[in-house]
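Peer 1: When you get a sec, could you give me coordinates for this:
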Amino acid sequence: METLLFELEASCENSTINNENIIDSKPLAARLRPRTFDCYVGQKHLLADGKLLKKAIESDTFSSIILHGPPGVGKTSLAELIALKTNSNFVRLSGVVSKVADLRKEIKSAQQIRELTGRKTIIFIDEIHRFNKAQQDSLLPDIESGNIRFIGATTHNPHFFVIPPLLSRSLVFALNSLTVDEIKELLHKSIKDDRAFSCLDIELKPDAAEFWAEVCEGDARRALNALEIAVSTSGLKLDSDNKLIIDIETAKDAVQGKSINYSSDEHFDIISAFIKSMRGSDPDAAVYWLARMLKSGEDIMYIARRIVIFASEDIGNADPRAIQLATSVMQAVEMIGMPEAKILLSQATTYCATAPKSNSSYQAIKDAFEDVEKNRIEPVPIYLKSSYCKSSGEVVDTQYKYPHDNKEHHVKQAYLGVKKSFYKPGDFGYERKIKERMNYWKSLNEK
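Peer 2: Sure, this is the predicted structure:
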């Protein structure tokens with residue numbers, strides 16, 4: 001928790017810092033917090049002229065804002081910029097470690113500041129989704145009364161993790177990952193900012209900037225961390241023009257691997273894309289989403305179970321071998337584990353994606369469930385009941401017709417008592433044969 005007081009006249013062009021020892025102790029991303037909208041990179045869909053958020057900030061009319069998006073897209077920076085633009089006291093709390101007592105203390109302080117100076121206080125809660133319902137509830141009276149202004153930030157979907165009363169009092173904005181061009185813009189602005197490296201003359205080669213912009217996947221913080229590592233580990237080896245050159249090799253050394261966001265939202269979104277790609281018979285897309293999940297550390301058994309469900313729900317009897325293969329792969333994945341399990345999952349994925357599709361079995365049980373729930377329950381015909389009557393102990397002559405006594409292994413006999421149809425096989429794969437067989441049995445019944 002920290003309280004920051006900002007001066008409105010500060011700007012990114014002429015800002016100077018006196019205590020360099022304090023600055024050096026902060027990460028580069030913290031040192032380069034934007035002081036004006038011109039310095040802020042990204043989120044044009046929210047901050048362009050005429051956009052709702054920009055107008056709400058400039059007119060100073062908001063009471064509560066919730067910002068959500070992936071890590072490193074500027075949620076905290078935007079909150080601090082809002083405090084600057086509105087000349088507000090800024091209090092930062094963490095949803096991970098802060099408690100209601102901390103919140104009440106800051107709210108009381110905010111009331112005192114407002115009574116003494118008339119200055120408003122913005123309470124910013126990072127990772128607001130980590131606050132439980134009671135903690136979020138504690139914000140409501142003071143937001144409602146205007147004692148505080150609230151800004152929450154989260155990497156999760158707020159509609160699932162923030163209580164409805166708080167959502168209804170807030171403007172909710174989604175921040176996007178920065179584009180490749182925006183990351184490059186940020187990097188080039190950073191090496192020219194005096195707050196970054198004490199006016200050190202740095203030349204960032206185009207291929208190095210391109211590499212960082214690609215590998216950081218829209219995460220500005222990770223790109224700035226890579227830049228800081230590259231500078232701090234260079235040993236200040238300057239060229240003949242007293243420039244520090246950051247080339248592609250230096251850029252590669254500064255990052256250990258590609259950054260892949262995989263929050264709870266990505267978990268659901270990517271498994272959805274995976275299933276829909278298989279359903280759409282696109283093995284290339286399905287394997288790509290599979291790779292995304294595996295690379296992000298998704299539970300391999302979760303993936304395997306979803307493939308088994310898909311084999312029954314979306315392929316069904318169009319290719320009965322799909323459920324056999326999917327089940328075998330699930331068992332093999334459990335026995336073998338990673339990294340080899342990715343081969344097994346790829347086989348099941350590509351098989352299911354290219355198999356003929358039918359949801360007739362799924363639709364049949366869905367319709368049957370609906371019939372049982374909404375309509376009158378059908379009694380079991382007497383000739384289908386067990387021949388032994390358990391209640392009386394007597395043997396009942398049910399006049400059941402045994403199909404195997406007929407040369408067609410089929411007899412004309414009602415098995416439901418009323419005419420209803422649930423399973424309607426399609427015209428693809430093995431279901432074409434099933435449909436032909438069912439039509440043949442129907443013709444026998446009509447004779």
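
Peer 1: you'd agree residue 344 is up against residue 333?
Peer 2: Yes: assessed by C-beta atoms under 8 Å, residue 344 is found in contact with residue 333 at 5.4 Å. Glycine gets a C-beta too; all of them are placed from N, C-alpha and C.

Peer 1: Contacts for stretch 345-356, please.
Peer 2: Outside stretch 345-356, the residues that touch it by C-beta atoms under 8 Å, 6 or more residues apart in numbering are 274, 277-278, 281-283, 286-287, 290, 294, 300, 303-304, 307, 310-311, 314-315, 318-319, 322, 325-326, 329, 333, 428-431.

Peer 1: can you pull the buried residues of it?
Peer 2: Residues 345, 346, 348, 349, 350, 351, 352, 353, 355, 356 are the ones in stretch 345-356 that count as buried (16 or more other C-beta atoms under 10 Å).

Peer 1: all strands of this structure, in order?
Peer 2: Remark: strands assigned in the chain by DSSP state E are 2-4, 64-68, 89-94, 121-126, 149-154, 171-174, 202-204, 244-246.

Peer 1: would you turn those strands into a markdown table with mean neighbour count?
Peer 2: Output for the strands of the chain, formatted as a markdown table (neighbours: other C-beta atoms under 10 Å):
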| stretch | mean neighbour count |
| --- | --- |
| strand 2-4 | 12 |
| strand 64-68 | 24 |
| strand 89-94 | 21 |
| strand 121-126 | 24 |
| strand 149-154 | 25 |
| strand 171-174 | 16 |
| strand 202-204 | 19 |
| strand 244-246 | 19 |
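
Peer 1: can you list those in TSV and add mean pLDDT?
Peer 2: Shown next, in TSV, are those (pLDDT from 0 to 100):
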stretch	mean pLDDT
strand 2-4	41
strand 64-68	93
strand 89-94	91
strand 121-126	93
strand 149-154	93
strand 171-174	92
strand 202-204	88
strand 244-246	87
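
Peer 1: In CSV: the ones you listed, plus distance to residue 136.
Peer 2: What follows is the strands of the chain, written out as CSV (distance: least, C-beta to C-beta, whole Å):
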stretch, distance to residue 136
strand 2-4, 21
strand 64-68, 11
strand 89-94, 12
strand 121-126, 9
strand 149-154, 9
strand 171-174, 14
strand 202-204, 43
strand 244-246, 44
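
Peer 1: quick one, which of these is nearest to residue 165?
Peer 2: strand 64-68 (10.8 Å; C-beta to C-beta).

Peer 1: Would you mind listing where this protein has pLDDT under the threshold?
Peer 2: Across the chain, residues meeting the criterion (pLDDT under 70) sit at 1-25, 235-237, 239-240, 256-265, 387-398.

Peer 1: So which elements touch the longest helix along it?
Peer 2: If you go by DSSP state H, the chain has its longest helix at helix 100-117. Using 3 or more C-beta pairs under 8 Å, 6 or more residues apart in numbering; DSSP states H and E, the elements in contact with helix 100-117 are strand 89-94, strand 121-126, helix 133-137.

Peer 1: tell me the angle it makes with strand 149-154.
Peer 2: Angle of helix 100-117 versus strand 149-154, following axes from the mean of the first three to the mean of the last three C-alpha atoms, to 10 degrees, is 140 degrees.

Peer 1: Okay, buried residues for helix 100-117 please.
Peer 2: Of the residues in helix 100-117, 103, 106, 107, 109, 110, 113, 114 count as buried by neighbour count, 16+ other C-beta under 10 Å.

Peer 1: Return the distance of it from the chain's centre.
Peer 2: How far helix 100-117 lies from its chain's middle: 35 Å, per C-alpha atoms, centre = their mean, to the nearest Å.

Peer 1: same thing with stretch 439-447?
Peer 2: Distance, centroid of stretch 439-447 to centroid of chain: 52 Å (C-alpha atoms, centre = their mean).

Peer 1: Could you pull out the buried residues of it?
Peer 2: Neighbour counts over stretch 439-447 (16+ other C-beta under 10 Å) mark no residue as buried.

Peer 1: Give me the nearest residue to residue 129, chain neighbours excluded.
Peer 2: Leaving aside its chain neighbours, residue 129 sits nearest to residue 161 (3.6 Å; criterion: C-beta to C-beta, 6 or more residues apart in numbering).
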